[in-house]
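> Structure for this input, please:
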Amino acid sequence: MKKLNVILVFNKDENKILMCKREKEPYKGKFNLVGGKVEKNEDELHAAYRELQEETGITNNDIKLIHVMNFQYEMTDMELEVYAGKLNKDVKLIEEINKLFWIDKNENFFDMNKFAGEGNIGHMIQQTELYKDKLFNK
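Reported below is the predicted structural model:
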């Protein structure tokens, strides 16, 4: 089974979410969460931190990631792991391929004309918001 991850990165004030604008298909031109592939035999949490650092320059010293949920896609034999975290300080972002943007967390992330994932990003954000006190140790 192919494994991928996406990472919900909140700024330290928890009012913005880091997203990239896709440069290639699928979802070319739409906003998406950062993330990528989990390599064979790679620890899933390590893969999330690795992808986050590769795509944004954010390291495990800047954020603590928590595994929030998984999506299992039986028809394509793929699993998507969702992680979330809040930055503990301001960071200078380093773009790998896709341009990075801070998007207000009150945006309509279910807007499929603007955001990738058929509404899944909206669902991920809503779930994270429901449990953010627990996730971010408040």
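
> Residue 68: what secondary structure?
strand (DSSP: H, G, I helix; E, B strand; the rest coil).

> just checking, it touches residue 129?
No. Contact criterion CB atoms under 8 Å: residue 68 and residue 129 do not qualify, at 10.9 Å. All C-beta atoms are positioned from the backbone trio N, CA, C, and that covers glycine.

> Can you pick out the residue with more neighbours from these two?
residue 68 (18 against 15; other CB atoms under 10 Å).

> Packing partners of the longest helix seen in the chain?
Longest helix in the chain, counting residues (DSSP state H): helix 44-56. If you count contacts as 3 or more CB pairs under 8 Å, 6 or more residues apart in numbering; DSSP states H and E, helix 44-56 packs onto strand 2-10, strand 34-37, strand 66-73, strand 78-86.

> Look up how far residue 105 lies from the closest residue to residue 104 other than its chain neighbours.
Ranked by CB to CB, 6 or more residues apart in numbering and with sequence neighbours excluded, the top spatial neighbour of residue 104 is residue 16, at 6.0 Å. In this structure, residue 16 and residue 105 are 6 Å apart, going by CB to CB, to the nearest Å.

> just residue 13 next, same as before
10 Å.

> Which of those two has more residues huddled nearby?
residue 105 (17 against 10).

> what touches both of residue 16 and residue 105?
residue 10 (CB atoms under 8 Å, 6 or more residues apart in numbering).

> What is the burial count for the nearest residue to residue 64 once chain neighbours are set aside?
Distance criterion CB to CB, 6+ apart; nearest residue to residue 64, sequence neighbours excluded, is residue 85 at 5.5 Å. Neighbourhood size, residue 85 [other CB under 10 Å]: 23.
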